[in-house]
Every structure is written in structure tokens, then in C-alpha cells.
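Asker: Quick one, structure for this:
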Amino acid sequence: MGFYLVQKYAMPWLLPSFYNICTMKFSVLIPCFLLSALMYSQVNPFVWEPATNQPSKGKLYESVLTIGYLSGRVVRVWIPEAYTSSKKKYDVVYFHDGQMLFDSTNTWNHQSWNLAESASDFLSKKRCILVGIDNDPNHRYAEFFPSPIYSALPVSVQLTLRDSLWNGLPRFDSYADALINEVFPLIETHWNVHPGGAHRTMVGSSMGGIVSLAFLLTHPTELSNVACLSIHLPLINYWKFGDRFKEPLAATFNEFIVKNSSAVNGKSIYIDRGDQSLDASYAGYFSAFESALNSYAKKNRVSIKVIPNSGHSEKDWAARIGPILKTIIK
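Answerer: Okay, here's the model as predicted:
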């Protein structure tokens, strides 16, 4: 009798209520699913697309960063032909000024490193992929200038550089942190590569050479090797300031190099300059710079070279980069 009464009087009420509750829960779950999908897309927003213009060797992929300090910049990844069939992990070579590396049709001066072609023959026995991070033209000097030396400069020099070159304070720390916390994890998560600084090399030219060396000295556990081509020892826009700040900048930078020498051990450090064009003007900086860098020679492999009949351009760096990588990458 009791069950009959429940069927007759309670069930007609309970069933719609149960339906309403389920409907309400489902309507609540829909936004939750959408929110979860949105959050997932923010955590994993990277889609690697084949570059429109492919190199003649290997394959080039691109992705636009959508979060973090480097949001909006393109990261380019070149893989050799053997990569897709290999089960072994690869090392990574990171390059600054990524938009200048692979395709001269899209560069401001119609030159590039032609990196896939210029490096691949020398890397045939090395397992590594090449990664380029685009620069920010408006803040390139601010990001590549080693901010640890900024406070040691005379105040008049600080103010001039802040207001005339960087439009604000140096951004080296923000750029370095983004490489460590955004770019390195991105590459090591999405590609078949060894994780950790022991398997990373960093390469840059001109101010890219400055930031590569400064990154190694301030974050020595994050890298194994650096190559600094046509290293821009004036540290500033030379054609704008000339030798005006040569002494304070050179002295402070060299002191910074010596000060950090005790923390750097077992690294490969390659430095060069040409003897043509802008590179020829670096000659006056090299003696003191080389003396400072010699403080690393006992515990690291240090190579400093002057390249004859070579200068300061993407074509020059394309001709130099292959043998350099073959030498410094184990």
C-alpha cells in the first residue's frame, strides 16, 4: 500500500524534479566544459605549422607564441631529415633574431643565414634541431643588453641609454626568464629532444652574441655551449653613439665577465669577429675583452677568433656557422 501511494502521489512530482535537477546540472556542466577547454588551449596553445617557404634540406616548422612575455613572436624549429625516423633524442641549438635565419624573402635586408643549408652538412653526424626565436625590433637592444652591468655604469650613461636607446630600462632579465620558463619547456615538451642545459647550445650574432654570452654567465646551468659571432662589444647602437661610451661600457662589461667566471665550468665558449665592415671596428675592444675571457680558460673550452675576409652580415655568418657548430656541439 505504501509503495502504491508513492507511485501514485510522489512519482509524478519526483520524476520532473529529477529531470529538472539533471537538466540544471547539465546546463552547469556545459560552461565548465567550455572553461576547461579554454584553459587547456591557454596552457597548450602551440600549433606547429610547416613554414610556407621550406628549405632545401630538412623541414621547417613555425608557431606563434600566444601567452607570456614573448607573446606574438614566432618560434621556428628546423629538423633534419633523419629526425622523423629516429627514436633517439636530439640536442637543441637556440638562435636569437629568428626571423633572419631561414628565409631571405621575408627579411628587412633580403639576406638570411640560410641556416638549414649552411649548417646541415656540418651536422650530419650530430643529432640536433635548430630553434630560432624572433626578436622584437623595438626592444632588441633593451633585451640583449646585459642588465646586470646597468647599475654599475655612470648615471649619465644610464640615463642616456635608457632614454635614447631603450625607451626604458633594460629588458634582459625578462627576456632571459622567458627563454627559461617559456621557450625551453615548449621545445622540450613538443619535440623529441633531451631536456636540460647539458643539451642546449645558444647562438647569436652582433648583439645576439652579447646576450648569448650574458645569458651563459648569469644562468650557467641552462646551457652547455655558446657561439657569439661578430660579438658587438660596443654594446650599443654604434652608428648613433660612436665611441662616446666606449670606456665605461667596455670596462664595466669586462668586469662583469671576470666576476662571473667562478660559476661557469665545463662549457664551450666560442667568440669571433671578422676583419671587414662593422666587425673591423671591434679590434680596439678585443684585447681587454680577451683578457677578461681568459679567466674562463682553465675550466672551460674558450675559442676567440678573427675571421679574415669576413664581416658583419647574414651572408658572412652563414659562411661561418657550419664549422662552428660542428666544433662546439659534442
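Asker: Not counting residues beside it along the chain, what's closest to Glu49?
Answerer: Leaving aside its chain neighbours, Glu49 sits nearest to Glu62 (5.7 Å; criterion: Cβ to Cβ, 6 or more residues apart in numbering). (Each C-beta comes from the backbone N, C-alpha and C, glycine too.)
Asker: Which residues are in contact with the nearest residue to Lys89 once chain neighbours are set aside?
Answerer: Excluding its sequence neighbours, the residue lying closest to Lys89 (Cβ to Cβ, 6+ apart) is His194, at 4.7 Å. Applying Cβ atoms under 8 Å, 6 or more residues apart in numbering to His194 gives the contacts 89-92, 188.
Asker: would you turn the residues you listed into JSON lines with pLDDT?
Answerer: Below are the contacts of His194 laid out as JSON lines (pLDDT from 0 to 100):
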{"residue": "Lys89", "pLDDT": "96"}
{"residue": "Tyr90", "pLDDT": "97"}
{"residue": "Asp91", "pLDDT": "97"}
{"residue": "Val92", "pLDDT": "98"}
{"residue": "Glu188", "pLDDT": "97"}
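Asker: Now a PyMOL select for only the buried ones of those.
Answerer: PyMOL command restricting the contacts of His194 to the buried ones, with burial defined by 16 or more other Cβ atoms under 10 Å:
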select buried, resi 90+91+92+188
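Asker: mind listing which of the contacts of His194 are in strands?
Answerer: Of the contacts of His194, the ones assigned to strands by DSSP state E are 91-92.
Asker: which among the contacts of His194 gets closest to Ile231?
Answerer: Using Cβ to Cβ, Val92 is the member of the contacts of His194 that lies nearest Ile231, at 21.6 Å.
Asker: hang on, the closest one packs against Ile187?
Answerer: Yes. Using Cβ atoms under 8 Å, Val92 is in contact with Ile187, at 5.8 Å.
Asker: okay, and the common contacts of these two?
Answerer: By Cβ under 8 Å, 6+ apart, the residues touching both Val92 and Ile187 are 131, 193.
Asker: Just the helices from this structure, written as ranges.
Answerer: Applying DSSP state H to the chain gives helices spanning 2-5, 11-43, 115-120, 140-144, 155-161, 172-178, 184-190, 207-218, 238-241, 246-259, 277-280, 283-293, 314-328.
Asker: quick one, what contacts the residue most central in space within the chain?
Answerer: Compute the mean C-alpha point of the chain, and by Cα atoms, centre = their mean the closest residue is Ile133, 4.8 Å away. By Cβ under 8 Å, 6+ apart, Ile133 lies in contact with 70, 73, 75, 94-96, 98, 179, 183.
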